[in-house]
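Visitor: Fold the following and give me the result.
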Amino acid sequence: MKPGPPSNPAPYVPASARLPEFTIRAVVLGILQACILGAANAYLGMKAGQTIAATFPAAVVSMLVLRFFRNRSILEENLARTSASVGEALVAGAIFTLPAFVISGLWKEFHYWESTLLMLVGGTLGVLFVIFLRRPLCEDPALPFPEAVAAAEIHKAGQKGARGGGYLFGAMGLAGLIELLKNSAGLAAIVDTVERFVPFRASSITFLQRGQPFGQPGSFGGGVLLQSPFASPSFMGVGYIIGPKLAALNFSGGVLAWIIFVPLILFLSGEGGPLMNLSAEPSLAEATHLERMTFVADQAWRSLVRPIAVGAMLVSACWTLFRMRGSLTAGVARLMSDLRKGRDPVAESSRLEKDIPLKWAAAGTLVLLAPMAALFGWYTHGFGGAVVAAVVMTAAGFVFSAVAGYLVGTIGSSASPVSGLALSSLLIAALLLVAIGVKGDAGVMAVLAVAAVVCCAVSIGGDIIQDLKVGFILGGTPWAMQAAEILAVLCTAFVLVFPIAWLHSADIAQGGSGLGGDALPAPQAGLMAMLAQGVVGGDMAWPLVLIGVGLAIGLIMLGCPSPMIVAVGMYLNFATSSAIFVGGVLRWVADRLMARRGMGPAEAEHRVNIGTLLASGMIAGEALVAILLAILVNQGIRLTLFEEGSGWGGLLVFAAVAGVLLLIPLRAPRPRSG
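Guide: Coordinates of the predicted model:
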């Protein structure tokens, strides 16, 4: 007799309990955290192409703040954490798409109301989709939901007096101070990276035919541009959280781009080629030879290597979905089966089974078709095509939200390939709009708008499913959590455009190029812009993209665990990917030290959770200070004290981060038993 599927455990708070849950203080606390953590993830996503789950720091902050109230409850803490996660999820969808309007040149500055409307529609759709998806996904005992289980354990431990606020806020303070010291808009006392171009000796190569010299010998040179890792607690924190394997994969993309492809391109270019002729531009007349070659190397990466990374990302996204085709098909089939049964959540007697009514969710989805069609029609200057796009992409958004929810239930939100789903939606939108005759800048803008709505919906859908699973474990009331999530979307959509716009304008004010430049590469958004322009406008360097396709196919055949992460590493500058790698190495060292001391799985997990809180605090602290300094720059205020910062100060940053992430978790008290 075959064993049945594992059963779901009883909720921590039984259905009969009547504890404070949907309270004003919990909702307000959650929305405030959503704005703060969303802004931090906006910074991180545009700098490093990564976002981190807000669930863990939000759980700690919620417990810490609500502890000041006498009649608090674990359900209030859960609701505040759920609301807080909305900011991270919504901004993840936004930064993958909205900067593409600026990078593509369609917007000179951020259009606040358009951006807000896209986030509002997409985020609200995501929550409405989740109302349909909660029961089949959260109640499926075959889905492990690893991060949801971990978050629930944090809440349970908090009832026994576990502490984490000191770790979180201490790390935030340290990272904020470091950012103040190294930011060019801050004190500028520390240089966060140093670079040097190392030229190759000229090589004379003779071409042969049948063993005999053929043609004229060629002289080849070039060189390699070396960069030190960014002295960034934020990037190192990302590497620590994602772990050594994923950090190494990301770094391997940087090695491919900067140690192999760029030097090879420079070596083959030769004197007199279009790339080398850039060094003779009048704007570089007063630059040294090494400075000119550094500029040429950067242009080789920006204009030639990045399109290769785009091709690799495309194939990687398709491969990720194809590899999970069996589990995705089974998950969608179970979902459709449950929906056909038509259980009415309002009629359920248990509060643990009460969702927002499905008919309300369906009506809300239909109502949102109107602003979607109006927005798409404004871009495309056509009503019929806009309605078709709105209907088709709403259906696609629901399917992709179900896919995202299933992936989160399998591998967690931090590793969920939301950007791959967003790429798929963009390609569908681009092909659809081209088929109905939409072309030119209007078509590109419409494609990006459609992708923004779907990406926000998918990001919210996947992330909120995880939070509802935490509530399922703890005994939260579904309708209360869903109502709090809708309120959080409605509030944060009006706020989260600001940090993106502030960082963009501040970088320009400091001599940078804003989004898409060195300081704010926004890799996923750059990919979206390139794809939209390439499909609709026809101005993509397709041969380079096809080289990337071949590279990704080769990585897949070699058994690479995540070609997408390798491709993202190629798209980032070397200082970023190497800093993330440093964080991954620190995590590897921490794991080895814990194993050497004979720590069991429970104790090791406890200490890794402390390290994750510290890393999360570093990410939030650096990001929030960077945003604050961007606001000051936009107001014409600069704090700069040093004309030239110290490169040695960066070494102290690495030492401080290593000390925090290694020593504090290892010296922390043992976890309480029972």
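Visitor: Helices along the stretch 551-674 of the chain, start to end?
Guide: 563-571, 574-596, 601-634, 648-667 (DSSP state H, counting those that start in this stretch).
Visitor: between those helices, which gets nearest to Pro478?
Guide: Between Pro478 and the helices of the stretch 551-674 of the chain, the tightest spacing by C-beta to C-beta is seen for helix 601-634, at 26.7 Å. All C-beta spots, glycine's among them, are computed from the backbone N, C-alpha and C.
Visitor: Could you name the helices and strands sitting against the closest one?
Guide: For helix 601-634, the elements it packs on are helix 24-48, helix 55-66, helix 165-182, helix 233-255, helix 497-509, helix 574-596, helix 648-667, judged by 3 or more C-beta pairs under 8 Å, 6 or more residues apart in numbering; DSSP states H and E.
Visitor: neighbours around the nearest residue to Leu487 once chain neighbours are set aside, how many?
Guide: Leaving out its chain neighbours, the residue that sits closest to Leu487 by C-beta to C-beta, 6 or more residues apart in numbering is Val27, at 6.1 Å. Val27: 20 surrounding residues under other C-beta atoms under 10 Å.
Visitor: need the next SSE after the helix or strand hosting Phe398, C-terminal direction.
Guide: Following DSSP states H and E, one finds Phe398 within helix 383-411. The first helix or strand that comes after helix 383-411 along the chain, using DSSP H and E, is helix 418-435.
Visitor: Compute the inter-axis angle for that following helix and helix 563-571.
Guide: 80 degrees (axes from the mean of the first three to the mean of the last three C-alpha atoms, to 10 degrees).
Visitor: mean confidence for stretch 221-231?
Guide: In this model, stretch 221-231 has a mean pLDDT of 88.
Visitor: in that stretch, what's buried?
Guide: Buried residues in stretch 221-231, counted by 16 or more other C-beta atoms under 10 Å: Gly221, Gly222, Gly223, Val224, Leu225, Gln227, Ser228, Pro229, Phe230, Ala231.
Visitor: Any idea how far apart the tips of that stretch sit?
Guide: By C-alpha to C-alpha, to the nearest Å, the extent of stretch 221-231 from end to end equals 31 Å.
Visitor: roughly how far is that stretch from the heart of the chain?
Guide: Centroid displacement of stretch 221-231 relative to its chain, using C-alpha atoms, centre = their mean, to the nearest Å, is 26 Å.
Visitor: circling back: okay, buried residues for the helix holding Phe398 please.
Guide: For helix 383-411, by 16+ other C-beta under 10 Å, it's 385-390, 393-394, 396-411.
Visitor: repeat for stretch 512-526
Guide: So for stretch 512-526, counting by 16+ other C-beta under 10 Å, buried means Gly514, Leu515, Gly516, Ala519, Leu520, Pro521, Ala522, Pro523, Gln524, Ala525, Gly526.
Visitor: pretty sure Asp140 belongs to a helix, no?
Guide: No. Read with DSSP: H, G, I helix; E, B strand; the rest coil, Asp140 is coil and lies in no helix.
Visitor: And for Phe654, the neighbour number?
Guide: 18.
Visitor: try Val589
Guide: When neighbours are defined as other C-beta under 10 Å, Val589 has 14 of them.
Visitor: what about the residue nearest to it when sequence neighbours are not counted, how many residues close to it?
Guide: Distances taken as C-beta to C-beta, 6+ apart place Leu662 nearest to Val589, at 6.3 Å, with adjacent residues excluded. By other C-beta under 10 Å, 17 other residues sit near Leu662.
Visitor: Now the phi/psi pair for Leu226, please.
Guide: phi -100, psi 130 (degrees, to the nearest 10).
Visitor: Verify the stated contact: Ile616 with Tyr240.
Guide: Quick fix: residue 616 is Ser, not Ile. No. Here Ser616 does not reach Tyr240: they are 9.6 Å apart, not a contact under C-beta atoms under 8 Å.
Visitor: hmm, which helix or strand of the chain has the shakiest average pLDDT?
Guide: Across the helices and strands of the chain, mean confidence by mean pLDDT, DSSP states H and E is lowest for helix 325-341: a mean of 61.
Visitor: The helix or strand hosting Gly526 - contacts with which helices or strands?
Guide: Element membership for Gly526, per DSSP H and E: helix 523-532. In terms of contacts (3+ C-beta pairs under 8 Å, 6+ apart), helix 523-532 is packed against helix 99-103, helix 306-323, helix 418-435, helix 440-474, helix 563-571.
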